[in-house]
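K.L.:
Build me a model:
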Amino acid sequence: MGCVSNSKVELINNVICKSCNICNLMKPLEDFKPTSNGIMMRHPSCRECENKKHKQRRIDNPEKVREAQLKSTYGISNEDYKKLYTEQNGCCKICNTFVEVLDVDHCHNTEVVRGLLCHSCNVAIGHLKDNPLLLLRAADYLLDTYKKDN
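P.N.:
The predicted model follows:
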């Protein structure tokens, strides 16, 4: 668009433009995320600069990012995760395979953490809708076909 100006908000070619406080470029208002405190209020920096800032923060602080993700998604701290990991000796609770980083398995109804699983086992029980009956049927199916194949 090429909007360049020293003022904070301007009407340029019938488009409301705002100056980003990071890159200092004038950009259309829709390039700024709305704030939660008002319809007309916008974040001071544009989406592109915000995304770059958040990406860099994730690169610079992986432990803090992991901590926030564990807390918001599963309600556990990094220390809780490390304790579970140590209790399981870094192994999946289903297949007992050692994995550097295990997935947090939780009940989707109660949100209670059940344990740590390798990605394959976590995805497998997820595809079976965390339903023990479906898992037993799948096991029966595999046993039946295994007997026929061998």
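
K.L.:
Could you check how many residues crowd around Cys92?
P.N.:
Neighbourhood size, Cys92 [other C-beta atoms under 10 Å]: 21. Yep, even glycine has a C-beta here, placed from its N, CA and C like the rest.

K.L.:
Could you find the closest non-adjacent residue to it?
P.N.:
The shortest distance from Cys92 to any non-neighbouring residue, by C-beta to C-beta, 6 or more residues apart in numbering, is to Cys118 (3.9 Å).

K.L.:
you'd agree that neighbour is up against Leu102?
P.N.:
Yes: the pair Cys118 / Leu102 is scored as a contact, 6.3 Å apart, by C-beta atoms under 8 Å.

K.L.:
Find residues that contact each of these two.
P.N.:
Cys92 (C-beta atoms under 8 Å, 6 or more residues apart in numbering).

K.L.:
So for these two, which sits in the more crowded spot?
P.N.:
Comparing Cys118 with Leu102 by other C-beta under 10 Å, the one with more neighbours is Leu102, at 23 against 20.

K.L.:
where's the more buried one relative to Leu29, distance?
P.N.:
Noted for Leu102: a distance of 44 Å to Leu29, by C-beta to C-beta, to the nearest Å.

K.L.:
and what of Ser120?
P.N.:
Counting by C-beta to C-beta, the gap from Ser120 to Leu29 is 46 Å.

K.L.:
can you list contacts of the longest helix seen in the chain?
P.N.:
As assigned by DSSP state H, the longest helix anywhere in the chain is helix 132-149. Residues outside helix 132-149 that contact it (C-beta under 8 Å, 6+ apart): 125, 128.

K.L.:
swap in stretch 21-38?
P.N.:
Under C-beta under 8 Å, 6+ apart, the answer for stretch 21-38 is 1, 3-5, 9-10, 12, 15-20, 41-50, 53.

K.L.:
Buried among those residues? Make that a ChimeraX selection.
P.N.:
Burial among the contacts of stretch 21-38 is assessed by 16 or more other C-beta atoms under 10 Å; the matching ChimeraX selection reads:
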select :17,18,19,20,42,45,46,49,50
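
K.L.:
Alright, I will stop here.
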